[in-house]
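Chemist: Kindly generate the corresponding structure for this input.
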Amino acid sequence: MQRGRAILREEGPRGLWFLVLADLCYRRLLLLERDLEAAIPTLEPRLPVTFGLLAPDDLDTYLCFHDEDDRDQIEDRFARGDVCHVARHEGRIVCACWVSRGEHFIRFLHYRYALGPAEAYFWDSFTDPAVRGRGVAPALAVHMLDWARHEGVTRVTTAVSPENAANLRARAKSGFRVCGRIACVKLGPYVWHRHREGAT
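Modeler: Next up is the predicted model:
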């Protein structure tokens, strides 16, 4: 019930309707891409923050910040080689986003998303509600794009709910554009996927 109220407040009736559909059988996400050969903008948040990588021995701090995750999940991410970038304000984590290379399992869609050798996937972006609207997430995304470019990445993708207007706006500020859609229908043990490339 609490989750439904939050979706209704942030994404409106349409978002709530697709939440119900997602719980029943149908889910979809927009796929966004960012070409790293294009210029990366400079974005300054309206809050003093420092950027860095989350260390495996700093899980307690992360779990206090993002309590929807659990320790086993985060340890599995590190074991797979995933990397987490964080923004800190006065030493406290206020924004975080993960990066995968090679392949990423999009749990929401029950879908294995393959990545090329020069590609990376940004996911599980979360900002402390107390600092939302102050440009922290777009600034962290720019920091991550710079990092990815230095790692030899030429293309970054991410997936966003079509109803999550705030996330779409934040991604657009750092140069992401819609490049496709991934949808799934799940009936019991059976799952069907449709991965469509191109602007939608």
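Chemist: When you work out contacts or count neighbours from here on, use the C-alpha atoms and nothing else.
Modeler: Will do.
Chemist: Quick one: name whatever helix or strand follows the lowest-mean-pLDDT helix or strand in the chain.
Modeler: The weakest-scoring helix or strand in the chain, judged by mean pLDDT, DSSP states H and E, is helix 2-24 (a mean of 53). Where DSSP states H and E defines the elements, the next helix or strand beyond helix 2-24 is strand 26-35.
Chemist: Quickly list what the residue nearest the centre of the chain is bridged to.
Modeler: In the chain, the C-alpha closest to the average C-alpha coordinate belongs to W123, at a distance of 2.9 Å (C-alpha atoms, centre = their mean). Counting by DSSP bridges, W123 forms beta bridges with W98.
Chemist: do H85 as well
Modeler: Applying DSSP bridges to H85 gives these bridge partners: L53, C97.
Chemist: Please renumber the chain so that the first residue is 15 from this point on.
Modeler: Happy to do that; since the first residue is 15 now, the last one works out to H99.
Chemist: surely it meets T64?
Modeler: No: with contact defined as C-alpha atoms under 8 Å, H99 does not count as touching T64 (10.6 Å).
Chemist: These two - which one has more neighbours?
Modeler: Neighbours per residue (other C-alpha atoms under 10 Å) separate H99 from T64, with H99 holding more: 21 against 14.
Chemist: Could you report the pLDDT at the more buried one?
Modeler: On the pLDDT scale, H99 is placed at 98.
Chemist: again with D81
Modeler: So, for D81, pLDDT stands at 86.
Chemist: pull the CA atoms of stretch 122-142 into PDB?
Modeler: In PDB, the C-alpha atoms belonging to stretch 122-142 read as follows (Å, rounded to 0.1, in the frame of the first residue of the first chain):
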ATOM      1  CA  PHE A 122      12.500  -6.600 -13.000                       C
ATOM      2  CA  LEU A 123      12.200  -8.100 -16.500                       C
ATOM      3  CA  HIS A 124      13.700 -11.500 -15.900                       C
ATOM      4  CA  TYR A 125      16.000 -10.600 -18.800                       C
ATOM      5  CA  ARG A 126      19.700 -11.100 -19.400                       C
ATOM      6  CA  TYR A 127      20.900  -8.000 -21.200                       C
ATOM      7  CA  ALA A 128      24.100  -8.700 -23.100                       C
ATOM      8  CA  LEU A 129      26.700  -5.900 -23.400                       C
ATOM      9  CA  GLY A 130      29.500  -5.500 -25.900                       C
ATOM     10  CA  PRO A 131      33.200  -5.300 -24.800                       C
ATOM     11  CA  ALA A 132      33.200  -1.500 -24.900                       C
ATOM     12  CA  GLU A 133      29.800  -1.100 -23.300                       C
ATOM     13  CA  ALA A 134      28.600  -0.500 -19.700                       C
ATOM     14  CA  TYR A 135      25.200  -0.500 -18.100                       C
ATOM     15  CA  PHE A 136      24.200   2.000 -15.400                       C
ATOM     16  CA  TRP A 137      21.500   0.700 -13.000                       C
ATOM     17  CA  ASP A 138      20.000   0.900  -9.500                       C
ATOM     18  CA  SER A 139      20.300   4.700  -9.300                       C
ATOM     19  CA  PHE A 140      19.000   6.000  -6.000                       C
ATOM     20  CA  THR A 141      19.000   9.500  -4.400                       C
ATOM     21  CA  ASP A 142      18.200  10.300  -0.800                       C
END
